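Colleague: have a look at this fold, sequence not included:
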Ligand code: ADP
């Protein structure tokens, strides 16, 4: 079963979550630094405005003084209007500076400028202008020097303010520069880190998801082309590894089913053919054997030996025909409850009588009963025990182990001390006509497997406890109706 919420999904969510978090942090940091830089630039602009206002104030006071001087030189009131304009300009700039003053000292300087500016205005209006119009040179000279003093004071204060503001611009610039530098370094670090992390996540996804999926897809494509031996590496952790294992199991099952299908088809066609010709061949074979046996009674010497060969080969032909007929109807006959142990002992006794066991020790162990066609079951056990005895050879051992299954069925394992089955022969054991023996028909195991399957069971081959082959016949439990009949 595949887990529903897989570890790959969790890992992908984690990786993407971390990536999004990292990019969000990097963007948040960059935005905060941008806001800092924006604030700094704004303050820098304001400081620049203050410097400009202070310098303009110094210029405006000089301008105001120029109109005072013109009034004295021309000796009339023609520059009063211009003086008022300059005065208004000085007033406006003083107001602006008052609003922009940052600390007590700056505010005191602005107040000083205001006071001196007001005094300048009063001197011009109340003293200097009347004295100029009255041509009172002595007063004009006296007031002029007072005016000059006030103008110098205002100018000095305005320039001091400009200088001070200019200094603050320097420190603002240094601050903004530091923020810019820091922001750039951090943004570079975070974006570089996020990029490296993104590459890591990409490689991780490539390794843990994309590559296994590509392998699965290649495997599926090979399977679609009919390559049933295709297998996918199962070493990926998580559900993709499990999917690969499922895929391999499915391919193996498909291969086994296809092999069974081919085997059944082969058996069916062999059976159809056999059923058609067996009858025709059996009769002439019977006639040949009859005549050979009559002739054998009369013959002597080399002729008797030759007739023995003819008889043996005719018997072999009969066995082949019988085998083919068995293949065509493996499930022929009624089922009944059979003692497996009794059948095994009977089979061993019959083989011994027929001198087919030679010097081979055969042990029968365990007991169980099964639903089977007695003659068919006997035929299977006969084939398996005879093969095992032939493989074990003189002085060898065969063990027949009978065991009831937990689910009510039974199994009979026939092991021998022979050389075992070669790995390259293992897949062909149950094919009709596969034999490694010079006088074999290659039908024994094919017929036995067909009979086992007709009973709903099967025969499996592997290596047994005596070092040679082990053939295990598995018989399924009887159905409920049969149990009721018993
Ligand atoms: P046959 O006995 O006529 O060859 P079978 O179908 O009974 O036909 O057996 C097919 C082949 O399986 C044998 O030729 C032999 O190579 C192999 N075989 C069967 N039983 C054994 C066994 N117990 N040990 C080793 N090989 C075996």
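Modeller: Received the coordinates, thanks. Keep in mind that what you see is a predicted model, and the values were worked out from it rather than measured.
Colleague: strands of the stretch 251-400 of the chain, start to end?
Modeller: 336-339, 361-365, 369-372, 397-404 (DSSP state E, counting those that start in this stretch).
Colleague: now tabulate those in JSON lines and tack on distance to residue 309, mean pLDDT and mean neighbour count.
Modeller: The C-beta positions use only the backbone N, C-alpha and C, and glycine is treated the same way. What follows is these, written out as JSON lines (distance: least, Cβ to Cβ, whole Å; pLDDT from 0 to 100; neighbours: other Cβ atoms under 10 Å):
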{"stretch": "strand 336-339", "distance to residue 309": "39", "mean pLDDT": "93", "mean neighbour count": "16"}
{"stretch": "strand 361-365", "distance to residue 309": "30", "mean pLDDT": "97", "mean neighbour count": "16"}
{"stretch": "strand 369-372", "distance to residue 309": "38", "mean pLDDT": "92", "mean neighbour count": "24"}
{"stretch": "strand 397-404", "distance to residue 309": "30", "mean pLDDT": "97", "mean neighbour count": "20"}
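Colleague: including distance to residue 249, could the ones you listed go into a markdown table?
Modeller: Shown next, in a markdown table, are those (distance: least, Cβ to Cβ, whole Å):
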| stretch | distance to residue 249 |
| --- | --- |
| strand 336-339 | 35 |
| strand 361-365 | 35 |
| strand 369-372 | 30 |
| strand 397-404 | 27 |
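Colleague: nearest to residue 205, out of those?
Modeller: Closest of the strands of the stretch 251-400 of the chain to residue 205 is strand 397-404, at 52.0 Å (criterion: Cβ to Cβ).
Colleague: what about that closest one, distance to the chain center?
Modeller: Taking the mean of its C-alpha atoms, strand 397-404 sits 48 Å from the chain's own mean (Cα atoms, centre = their mean, to the nearest Å).
Colleague: can you list contacts of that strand?
Modeller: By Cβ atoms under 8 Å, 6 or more residues apart in numbering, the residues outside strand 397-404 that reach it are 340-341, 344, 348, 360-369, 381, 385, 388-389, 392, 410-417, 464-466.
Colleague: please check those residues and keep the buried ones.
Modeller: Listed as buried from the contacts of strand 397-404 are 340-341, 344, 348, 360, 362, 364, 366, 368-369, 381, 385, 388-389, 392, 410-417, 464, 466; burial here means 16 or more other Cβ atoms under 10 Å.
Colleague: ok, which of the residues you listed also contact the ligand?
Modeller: 388, 416 (Cβ under 6 Å from any ligand atom).
Colleague: which regions of the stretch 151-300 of the chain sit below the pLDDT cut-off?
Modeller: Confidence mapping of the stretch 151-300 of the chain against pLDDT under 70 gives zero matching residues.
Colleague: which one is the residue nearest the centre of the chain nearest to, not counting chain neighbours?
Modeller: With distances taken as Cα atoms, centre = their mean, the residue of the chain nearest its centroid is residue 209 (2.7 Å). Spatially, and ignoring its direct neighbours in sequence, residue 209 is nearest to residue 8 (6.2 Å; Cβ to Cβ, 6 or more residues apart in numbering).
Colleague: quick one: residue 54 is in a helix?
Modeller: Yes: judged by DSSP: H, G, I helix; E, B strand; the rest coil, residue 54 forms part of a helix.
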